[in-house]
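Colleague: could you look at this predicted model? Sequence included:
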Amino acid sequence: MSEPWIALLLTAGVSLLICLLIMPIAQRFGLLDHPSKRKVHRAATPLVGGMAIYAALILTTVLATAYTSKALPLLGACGLMLATGMLDDLRNLSPITRFIMQILACFIMIFVGDVVLTDFGSLMWDGVFQLGWLSIPITVFAALDVINTFNMIDGIDGLSSTVFIVATAAMGWLALQAGHLFNATILLIAASATLGFLALNARLPWNPRARVFLGDSGSLFMGFFLAWQFIDLGNGEDRVFAPITAVWLLGIPLLDTVRLMTQRWLRGGSSMQADLFHLHHAFLKAGFTVRQTSLLITLLILLTTAIGVTGQVLGWPEYLMFYGYVAFGLVYLGIMHHCWQNDRFLGRDVTARID
């Protein structure tokens, strides 16, 4: 009974060790994230966290499970995303190049992994909302949405990796209860590998600041990993959870991404252009510390995850979960609109610079 937990702890340890070993290499080759006016860190920081997590994920999957061949398409496509992000970290790839590589990874998921979204479940009524010939384009769109949502929340120490751990642990538990052992195993391995990285990334007593970042290599591969699992487990007759449950698991980041991209488009700019209007920027400008901000957003994400998992376990109607999310989203979007329109968030002024 203790063997699985030992393997998971070893995975976290391997990830931590690999991080420590390759951080000096990042310094040598200039794989660093330098401070700027839109970033909250003050020192050049290695961008190798994603590589360490991916390496630990592969090692544990190959050495400690019986699912190596089944994992190959997933790990291969994740490796493509990792390499794309690594090149972006080094050379700033054009948006079109990044987009093409993401599409290619999605095609591996669909045509090699046979992971396709065929319906939205009972989204608005009792009947199943079938996608028909739209299955492939909507699968690609949904995966791209998750990839770029995860990439956009990677803005402060510890936040994106915590979101990943919460989502993978929740999906892993649901998969385990449903008897989907491959998905449960690889999800829990991924969560453990990320936990090792988090020990160096989160602001903990031994880390006054993050000592290593995910980099685009990490955020792209981890976002794609989540997208694959959301679609795989939320699809088909033997699905582990309803599609709307996956939306609740990534509830806050999805809403914030939709809000940001819409606002940028309305301002006449690129929807992918970086700015200082994320949820974590509202907390920081309101005077919360990075540690407090990460903790508070994590609590919000735990809340939406708990709603999603509870609804799935108790069998709440999917259309009620959908309408509930719409209502939750409208409240959230209203609060954030008021925040940036009136320069007030949680009763605090948000006109201050982020130091």
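Modeller: Arrived safely, thanks for sending. Computed from a prediction, not measured in an experiment: that's the story for all the values here. Numbers count the residues shown, from 1 in each chain.

Colleague: what packs against the helix or strand containing Trp228?
Modeller: Assessed by DSSP states H and E, Trp228 sits inside helix 215-233. Here helix 215-233 touches helix 49-64, helix 68-91, helix 95-107, helix 135-152, helix 159-177, helix 181-201, helix 243-249, going by 3 or more C-beta pairs under 8 Å, 6 or more residues apart in numbering; DSSP states H and E. In this view, the C-beta of every residue, glycine as well, is placed from N, C-alpha and C.

Colleague: how does it look with 10 Å?
Modeller: Packing partners of helix 215-233 (3 or more C-beta pairs under 10 Å, 6 or more residues apart in numbering; DSSP states H and E): strand 32-33, helix 49-64, helix 68-91, helix 95-107, helix 135-152, helix 159-177, helix 181-201, helix 243-249.

Colleague: so for Val14, which of the ones you listed sits nearest?
Modeller: helix 49-64 (4.4 Å; C-beta to C-beta).

Colleague: so what's Gly49 up against?
Modeller: 15, 18-19, 22-23, 26, 154, 160-161, 194, 196-198, 200-201, 210-215, 217-219, 222 (C-beta atoms under 10 Å, 6 or more residues apart in numbering).

Colleague: if we go to 7 Å?
Modeller: Cys19, Phe197, Asn201, Val212, Phe213, Leu214, Gly215, Gly218 (C-beta atoms under 7 Å, 6 or more residues apart in numbering).

Colleague: tell me the one of those nearest Asp232?
Modeller: Gly218 (21.0 Å).

Colleague: what is the burial count for that closest one?
Modeller: 33 (other C-beta atoms under 10 Å).

Colleague: pLDDT-wise, which helix or strand of the chain ranks last?
Modeller: One helix or strand of the chain scores below all others by mean pLDDT, DSSP states H and E: strand 32-33, with a mean of 80.

Colleague: can you confirm Val115 is in a helix?
Modeller: No. Assessed with DSSP: H, G, I helix; E, B strand; the rest coil, Val115 is coil; it does not lie in a helix.

Colleague: doesn't Trp228 make contact with it?
Modeller: Yes. Val115 is within contact range of Trp228, at 6.0 Å (criterion: C-beta atoms under 7 Å).

Colleague: now do the shared contacts for the two.
Modeller: Met109.

Colleague: before we move on, the earlier item: from the contacts of Gly49, keep the buried residues only.
Modeller: Cys19, Phe197, Asn201, Val212, Phe213, Leu214, Gly215, Gly218 (16 or more other C-beta atoms under 10 Å).

Colleague: which residue is nearest the centroid of the chain?
Modeller: Nearest to the mean C-alpha position of the chain, counting by C-alpha atoms, centre = their mean, stands Phe150 at 3.8 Å.

Colleague: list the buried residues of stretch 101-115.
Modeller: Met101, Gln102, Ala105, Cys106, Ile108, Met109, Ile110, Gly113, Val115.

Colleague: still on that earlier bit, most packed of the helices and strands packed on helix 215-233?
Modeller: Scoring the helices and strands packed on helix 215-233 by mean neighbour count under mean count of other C-beta atoms under 10 Å gives helix 243-249 as the most buried, with a mean of 26.
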